[in-house]
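1. have a look at this fold, sequence not included:
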């Protein structure tokens, strides 16, 4: 039997990069909460994610969902040394802007703003794209995101030097590499498994 | 088991560069093992996984990743596909990311590029559909829409196998970059 592909009327699909809350719908049927086993609940990591269609779709393969989530959380939430959270979020936002994931860019630009209190500068990245020039630190992070996200990859010693010139040590640079690399994972899932939809009415 | 990102980056075991993020290190490796080593019964077959993966690694042009996954392919039941995969890589190589945005102000940034057609005679219809999807996700993920999912289901892909396929291609996009990025950092340290 051929699998059912879901349909979404989406006349107001978001078509600009924004820090507003957006929605997301799956193209394939998520799991039903009633069908979740212990393994699935563990894989969701946070119980509330059983209300989110993205995670309930990914729960169809629970092992990779859990390991993806725990990788993600350490890269972004581990406060031990390295790159400040705002800069990790900026790396995620720049990667999402460059790959073209409007949904991921909205979430992580909001986090970048929350942690940096620099909403206008974050918006500049969204409005102007990865050629936006903001300050040496964020420009070096954006340039690194472009170089490591492009194929062929062009990330090289000059990018390391530019990051180091803004006061980043090896751990901070490793964090930037992880954050950029991880969003090459996240962007592809979000972009391919369902459309972005307008956020809830405010 | 040897940590694969260490292998791709050419890092010694327990390198300082990865010491402060032990959980990311552990679960990136567990992701790899869940996708390629200890695959659950009933999910996407390992031979198919390795065929798509060698194609994805080849499209990235990253030699350590290509060598690592070619080694796994050679020991799998998909070893006979290596010539067909090499031909697909040669035909599919291009530069990314490109693609179109939802119509509107961002349309000015739309960038055209290759829409890859796989050789279904060499790969079979099911794997050919997966290669076409993989090429889109690697180079122009913002073009992926409902039609791309319909193409997979039409070639016999189940919803669960599409989830696994998507996770695998996306994971590789992470793993290859983490390896390449850390390799550059280690060389500059």
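-> Structure received. Small disclaimer: the values here were computed from a predicted structure and weren't measured.
2. going forward, measure contacts and count neighbours with C-alpha atoms only.
-> OK.
3. stretch A:70-84 near chain B anywhere?
-> Yes - judged by C-alpha under 8 Å from any C-alpha of the partner chain, stretch A:70-84 comes into contact with chain B at A:70, A:71, A:72, A:73, A:74, A:75, A:78, A:80, A:81.
4. domain-wise, how is chain A divided?
-> Per automatic domain parsing, the structural domains of chain A span A:23-75+A:192-197, A:84-189.
5. so which of the ones you listed is the most surrounded?
-> Of all the domains of chain A, domain A:84-189 carries the top mean neighbour count, a mean of 22, counting by mean count of other C-alpha atoms under 10 Å in any protein chain shown.
6. show me what the host helix or strand of residue A:73 is packed up against.
-> Applying DSSP states H and E as the criterion places residue A:73 in helix A:62-77. If you count contacts as 3 or more C-alpha pairs under 8 Å, 6 or more residues apart in numbering or on different chains; DSSP states H and E, helix A:62-77 packs onto helix A:38-44, helix A:85-99, helix A:170-193, helix B:22-36.
7. change it to 7 Å
-> Secondary-structure packing of helix A:62-77 (3 or more C-alpha pairs under 7 Å, 6 or more residues apart in numbering or on different chains; DSSP states H and E): helix A:38-44, helix A:170-193, helix B:22-36.
8. let me see the contact set for residue A:58.
-> With contacts taken as C-alpha atoms under 7 Å, 6 or more residues apart in numbering or on different chains, residue A:58 has the following neighbours: A:65, B:163.
9. neighbours around residue B:81, how many?
-> 18 (other C-alpha atoms under 10 Å in any protein chain shown).
10. so residue A:180 makes contact with residue A:91?
-> Yes - because the distance of 5.6 Å satisfies C-alpha atoms under 7 Å, residue A:180 is recorded as touching residue A:91.
11. find residues that contact each of the two.
-> Between them, residue A:180 and residue A:91 share the neighbouring residues residue A:145, with contact defined by C-alpha under 7 Å, 6+ apart.
12. what's around residue B:105, how many residues?
-> There are 11 residues near residue B:105, going by other C-alpha under 10 Å.
13. what's the separation between it and residue B:141?
-> Taking C-alpha to C-alpha, to the nearest Å as the measure, residue B:105 and residue B:141 are separated by 19 Å.
14. return the residues in contact with the residue in chain B sticking out farthest from the centre.
-> Farthest-out residue of chain B from its mean C-alpha position, per C-alpha atoms, centre = their mean: residue B:105, at 31.1 Å. Residue B:105 is in contact with residue A:16, counting by C-alpha under 7 Å, 6+ apart.
15. got it, and residue A:86?
-> Neighbouring residues of residue A:86 by C-alpha under 7 Å, 6+ apart: A:112, A:115, A:116.
16. quick check: closest non-adjacent residue to the residue nearest the centre of chain B.
-> Computing the C-alpha centroid of chain B and ranking residues by C-alpha atoms, centre = their mean puts residue B:169 first, at 3.5 Å. When the adjacent residues along the chain are set aside, residue B:169 lies closest to residue B:134, with 6.4 Å between them (C-alpha to C-alpha, 6 or more residues apart in numbering or on different chains).
17. wasn't that neighbour part of a strand?
-> No - membership of residue B:134 in a strand is not supported by DSSP: H, G, I helix; E, B strand; the rest coil, which gives helix.
18. that one and residue A:97, how far apart?
-> Applying C-alpha to C-alpha, one obtains 21 Å for the distance of residue B:134 from residue A:97.
19. now residue A:31
-> Computed with C-alpha to C-alpha, the distance linking residue A:31 and residue A:97 is 30 Å.
20. cool, residue B:183 as well?
-> Counting by C-alpha to C-alpha, the separation of residue B:183 from residue A:97 is 25 Å.
21. what do you get for residue A:77?
-> Here the criterion is C-alpha to C-alpha. By it, residue A:77 lies 21 Å from residue A:97.
22. and if you look at residue A:171?
-> In this structure, residue A:171 and residue A:97 are separated by 24 Å, where distance is defined by C-alpha to C-alpha.
23. so for the longest helix along chain B, mean pLDDT?
-> The helix spanning the most residues in chain B, taking DSSP state H as the definition, is helix B:159-187. The predicted model assigns helix B:159-187 a mean pLDDT of 98.
24. now do stretch A:29-42
-> Over the span of stretch A:29-42, the pLDDT mean works out to 97.
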